[in-house]
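J.: next one to model:
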Amino acid sequence: MTARLRGLRSAVAALLLGAALPVLAQPVKVAGLRQPARILVDQWGVPHIYAASQDDVFFVQGFNAARDRLFQIDLWRRRGLGELASVFGPSYVEQDRAARLFLYRGDMGAEWKAYGEEAHRTSTRFVAGINAYIDYLARKPELLPFEFRQLGYQPAKWRPEDVVRIRSHGLTRNLTQEFARAHVVCHAGLAADAVRAQLSPAWTTRVPDGLDPCLPDEALDVFTRATDDVRFSREAVQVARAMPNDGTLEGSNNWVIAPSRTRSGRPILANDPHRAYGAPSLRYIVHLNAPGLNVIGAGEPALPGISIGHNGKVAFGLTIFSIDQEDLYVYETNPANPMQYRYRGAWETFRVTKETLLVRGRPPVTVELRFTRHGPVIYEDAGKRRALAVRTAWSAPGMAPYFGSIDYMKAQDFTQFRKAMQRWGAPTENQVYADTAGNIGWVTGGLAPVRPNWDGLMPVPGDGRYEWKGFLDGARLPFVFNPKQGWFASANEMNLPASFPYREHKPGFEWPDNARAQRIADVLSKTPRATMEDMQRLQNDVVSLMARRLVTLLKPLSSRDKPTRAALELLTAWNGEERAASPAAALYEVWWSRHLGRMFLDAILAPEAARAVGAPHAGVLLQTLEQPAARFGADANAKRNALLLASLAAAWADMERLQGRDARRWQWGKMHRSYFVHPMSPIVDHASRALLNVGPLPRGGGAYTVNVSGYRPESFWHAHGPSFRMVLDVGNWDNSRAINTPGQSGNPASPHYRDLAASWADGKYFPLLYSRAAVARAARETIELVPGP
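T.: Below you'll find the model as predicted:
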């Protein structure tokens with residue numbers, strides 16, 4: 001495989017430069033299609049699918065997903081099912097084994113039933129459409145996407161169950177946080193962990209009885225492989241070891257406004273979910289039109305239906321609602337028989353499954369998968385006679401990420417929508433709702449384990465003392481219908497109502513900081529007659545409330561040191577808007593991400609504790625600086641001020657190294673840039689990489705602005721945020737707006753591969769057209785499909 005990849009580097013550029021955009025011969029004869037259907041692709045690359053039945057519309061959706069995103073969805077399937085080694089070679093055996101540990105292995109009848117009556121039929125037709133396109137490529141091999149040709153393999157056929165058995169692509173929690181907390185407790189105690197993570201609602205956790213919190217650093221490697229992306233390297237196709245996600249790069253925004261607070265007298269619903277960036281985009285916009293179904297919006301291209309959008313009567317948009325769906329169990333193993341673990345005073349045998357992995361260029365490999373009664377074993381330590389396993393709601397029926405949207409996307413009123421969300425599994429969500437009758441609402445959903453005697457914040461012994469007691473009835477999760485204030489918003493913050501019995505149910509205590517939510521609330525509460533343009537501006541808002549709080553602390557300070565004084569002058573004159581051209585924003589982000597947090601930990605914690613914590617929670621940092629007495633001790637204000645000045649001086653020196661001594665020429669967007677990277681980018685040459693990747697694009701904003709611009713401080717590259725945005729004019733649907741970056745297509749030769757990136761970076765949108773007449777006027781390509789052999 002290595003030799004092939006070396007040859008690939010220069011071949012890709014030649015291939016792409018000489019490639020013409022594949023054109024499907026018209027009409028396209030498709031086996032499995034029952035009646036003629038049509039795809040109208042508009043000028044922004046959105047496919048509008050018209051079919052004579054719902055069976056056919058989902059079939060054509062699968063066909064079209066393969067037409068536009070085949071390499072992406074094939075990689076999604078292979079990664080999730082643990083079939084990467086069959087095409088990429090032995091470097092992927094361990095990732096395949098890890099992925100198979102987390103496949104759904106329960107009753108398929110219960111699984112399909114959990115999503116509603118039409119789930120199995122819908123998935124069957126969707127994958128039949130994917131397979132029909134693969135069959136079409138067999139007759140037209142010149143249309144096979146270049147990735148398959150260059151990597152030397154063919155796309156695989158799908159089965160209906162492939163869509164739902166895969167669990168590892170979802171956003172669930174809190175396994176990595178349990179592990180991180182145990183690490184801090186091992187080295188520094190629970191008090192130090194209160195600096196790393198702020199629990200909300202207010203809560204005091206404890207170390208579970210019988211737990212040794214000192215777990216090996218590699219304990220989550222298998223879990224990380226199971227949930228990691230497919231990674232390529234220049235030397236060989238391999239998996240790069242990744243650290244567990246620390247949770248700071250999650251987030252989304254949504255809000256809904258009642259007719260009484262809009263200029264049009266119609267509801268407005270806005271949503272911008274945040275995920276890691278890539279080329280092509282994670283999400284795909286599609287319009288499905290058949291008798292009894294007319295939905296438009298975004299979903300993941302490997303799934304039928306949409307998860308964000310509207311159906312002509314009801315609109316919906318999502319953010320993450322932080323229910324804790326995972327637990328790490330630690331077991332004592334039998335010294336006389338390592339295949340057994342202690343459970344309720346007896347030795348219980350691991351359940352073992354052996355599976356055969358096909359490996360490209362090598363003989364098949366048999367792997368052994370071990371399970372306890374709680375879930376897959378991810379780590380074994382024979383020397384210390386212990387094993388670790390994961391209990392996760394993933395293993396329950398109905399937990400395929402986002403697949404349940406095929407149910408709620410058909411709802412015709414709030415009652416139906418809420419009923420569908422009561423069955424929702426994953427990811428755990430805040431859904432905002434609006435309908436053409438003028439109603440608005442908020443509904444939460446997700447499978448919530450009931451932990452009767454612990455809080456889920458740390459690993460627990462697997463000896464039978466810590467057992468789930470089923471799941472919370474979805475009807476007991478909070479919701480709001482027509483809120484009195486005339487609007488509702490969520491931004492992943494802790495938003496459990498005061499009346500919710502969280503001490504009894506304990507759904508979760510780890511939530512992102514509320515800065516984005518507070519900014520959205522501030523703007524909406526001061527906008528009595530909102531317009532579509534107002535909401536688009538709010539989605540692109542780069543005001544940092546964090547920065548404004550810190551600048552308030554700087555205003556009374558002074559310094560005799562000239563650079564520090566210059567830094568104070570620059571920041572105290574700043575309004576907190578993190579624009580790409582802003583010198584102050586550049587200084588602030590370097591200060592915040594590289595210097596302030598590290599020096600804060602050194603000031604309030606012992607060295608070992610500071611190393612264990614790694615980085616402080618943003619809310620804890622700000623609150624301590626504003627009220628320093630509790631953690632700084634004697635002369636707290638003076639110590640706080642000294643920290644602010646010293647860290648600011650270090651940031652100024654860092655900026656001079658990064659962008660020169662003339663602060664007037666500094667710009668945040670010079671180092672904070674969006675870059676959409678194709679998976680094959682690491683294994684091709686520079687010329688090919690320029691054709692596959694999109695960017696860089698200068699960006700404003702930060703991790704705590706409404707327009708989220710998440711990054712890693714070692715590079716400042718913008719790696720996470722709202723690749724898809726949507727603002728819906730509920731009832732006047734053709735006036736709705738959307739954007740999806742870098743483009744709709746997964747084909748680098750397509751004009752729709754990167755055509756939306758510049759507009760997205762500039763905060764612009766395109767019309768999300770819905771009516772047949774408007775779609776026809778904007779259509780730039782027509783694909784006619786007819787039944788055939």
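
J.: got phi/psi on R661?
T.: Main-chain torsions, R661, degrees, to the nearest 10: phi -80, psi -20.

J.: residues contacting it?
T.: R661 makes contact with no residue, according to CB atoms under 8 Å, 6 or more residues apart in numbering. Where C-beta positions appear, they are placed from N, C-alpha and C, glycine not excepted.

J.: just A521 next, same as before
T.: A489.

J.: again, but for N482
T.: Shown in contact with N482 (CB under 8 Å, 6+ apart): 258, 439-441.

J.: which one (most neighbours) among those residues?
T.: Within the contacts of N482, neighbour counts (other CB atoms under 10 Å) peak at I440, which reaches 28 neighbours.

J.: that residue against V432, yeah?
T.: Yes: between I440 and V432 there is a contact at 7.4 Å, judged by CB atoms under 8 Å.

J.: shared neighbours, these two?
T.: Contact criterion CB under 8 Å, 6+ apart; residues bridging I440 and V432 by contacting each: 256, 269, 488.

J.: show me where the stretch 301-450 of the chain has helices.
T.: Under the criterion DSSP state H, counting those that start in this stretch, helices of the stretch 301-450 of the chain are mapped to 405-408, 414-422.

J.: wait, which of these is closest to G361?
T.: helix 405-408 (39.3 Å; CB to CB).

J.: can you dump the C-alpha coordinates of that closest one into CSV?
T.: The C-alpha trace of helix 405-408 is given here as CSV (Å, rounded to 0.1, in the frame of the first residue of the first chain):
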residue,chain,number,x,y,z
SER,A,405,-35.1,12.3,12.6
ILE,A,406,-37.0,10.4,10.0
ASP,A,407,-39.8,10.4,12.6
TYR,A,408,-39.9,14.0,13.9
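
J.: rewinding a little: in CSV: the helices of the stretch 301-450 of the chain, plus mean pLDDT, mean neighbour count and distance to P208.
T.: CSV is the format used below for the helices of the stretch 301-450 of the chain (pLDDT from 0 to 100; neighbours: other CB atoms under 10 Å; distance: least, CB to CB, whole Å):
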stretch, mean pLDDT, mean neighbour count, distance to P208
helix 405-408, 97, 25, 36
helix 414-422, 97, 19, 31
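
J.: quick one: those helices as a markdown table, columns for distance to F59 too.
T.: Below are those laid out as a markdown table (distance: least, CB to CB, whole Å):
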| stretch | distance to F59 |
| --- | --- |
| helix 405-408 | 14 |
| helix 414-422 | 23 |
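
J.: about what we covered before: scan the shared contacts of I440 and V432 and report the most crowded one.
T.: V256 (29 neighbours).

J.: identify the bridge partners of it.
T.: L269, F488 (DSSP bridges).

J.: hmm, it is touching T262, no?
T.: No: at 10.4 Å, V256 and T262 do not qualify as touching, with contact defined as CB under 8 Å.

J.: shared neighbours, the two?
T.: With CB under 8 Å, 6+ apart as the test, V256 and T262 both reach I268.

J.: on that earlier part again, which among the shared contacts of I440 and V432 gets closest to D729?
T.: Using CB to CB, L269 is the member of the shared contacts of I440 and V432 that sits closest to D729, with 8.8 Å.

J.: pretty sure the closest one sits against V730.
T.: Yes: using CB under 8 Å, L269 is in contact with V730, at 6.1 Å.

J.: so what sits against both of the two?
T.: 310, 315, 434.

J.: with neighbour count added, can I get those in a markdown table?
T.: Output for the shared contacts of L269 and V730, formatted as a markdown table (neighbours: other CB atoms under 10 Å):
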| residue | neighbour count |
| --- | --- |
| H310 | 28 |
| A315 | 29 |
| A434 | 28 |
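
J.: among those residues, which lie within strands?
T.: 310, 315, 434 (DSSP state E).

J.: secondary structure class for the residue nearest the centre of the chain?
T.: Residue closest to the mean C-alpha point of the chain, counted by CA atoms, centre = their mean, is R275 at 3.8 Å. Three-state call for R275 (DSSP: H, G, I helix; E, B strand; the rest coil): strand.

J.: just G695 next, same as before
T.: Secondary structure assignment for G695 (three-state DSSP): strand.

J.: check the one 5 residues further on too.
T.: Classification of G700 using three-state DSSP returns coil.

J.: so who does it touch?
T.: Neighbours of G700 in contact, by CB under 8 Å, 6+ apart: 542, 577-582, 585, 668-669, 672, 707, 709.

J.: report the buried residues of the longest helix along the chain.
T.: Taking DSSP state H as the criterion, the chain has its longest helix at helix 54-81. For helix 54-81, a neighbour-count test (16 or more other CB atoms under 10 Å) marks 54-81 as buried.

J.: again, but for stretch 746-757
T.: Result for stretch 746-757 [16+ other CB under 10 Å]: buried residues 746-750, 752-757.

J.: again, but for stretch 173-190
T.: 173-185, 187-188, 190.

J.: low-confidence regions, the chain specifically.
T.: For the chain, applying pLDDT under 70 flags the ranges 1-23, 25, 234-250.

J.: and the most far-flung residue of it relative to its centre, how close does it get to K639?
T.: Farthest-out residue of the chain from its mean C-alpha position, per CA atoms, centre = their mean: R560, at 46.0 Å. Between R560 and K639 the computed distance is 19 Å (CB to CB, to the nearest Å).

J.: cool, and T428?
T.: For T428, the distance to K639 equals 40 Å [CB to CB].

J.: would you map the strands across the stretch 251-400 of the chain?
T.: Ranges of strands in the stretch 251-400 of the chain, per DSSP state E, counting those that start in this stretch, are 251-257, 268-276, 284-290, 293-299, 308-310, 314-320, 326-334, 337-343, 346-349, 351-357, 365-371, 377-381, 386-392.

J.: turn those into CSV, including distance to Q154.
T.: Shown next, in CSV, are the strands of the stretch 251-400 of the chain (distance: least, CB to CB, whole Å):
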stretch, distance to Q154
strand 251-257, 36
strand 268-276, 28
strand 284-290, 22
strand 293-299, 26
strand 308-310, 32
strand 314-320, 35
strand 326-334, 36
strand 337-343, 40
strand 346-349, 41
strand 351-357, 18
strand 365-371, 21
strand 377-381, 32
strand 386-392, 33
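
J.: among these, which comes closest to Y408?
T.: strand 314-320 (6.7 Å).

J.: now the closest one: buried residues?
T.: Buried-residue list, strand 314-320, by 16+ other CB under 10 Å: 314-320.

J.: nearest to P216, of the residues you listed?
T.: I320 (29.4 Å).

J.: show the contacting residues for the nearest residue to Q412 once chain neighbours are set aside.
T.: The spatial neighbour of Q412 that comes closest, neighbours along the chain excluded (CB to CB, 6 or more residues apart in numbering), is K313 at 5.7 Å. Residues in contact with K313 (CB under 8 Å, 6+ apart) are 412-413, 435-436.

J.: of those, which is the nearest to R451?
T.: For these, the nearest to R451 is D413 (34.4 Å; CB to CB).

J.: that closest one touches V314, doesn't it?
T.: Yes: here D413 reaches V314: they are 7.1 Å apart, a contact under CB under 8 Å.

J.: overlap of the contact sets of those two?
T.: Common neighbours of D413 and V314 (CB under 8 Å, 6+ apart) are D435.
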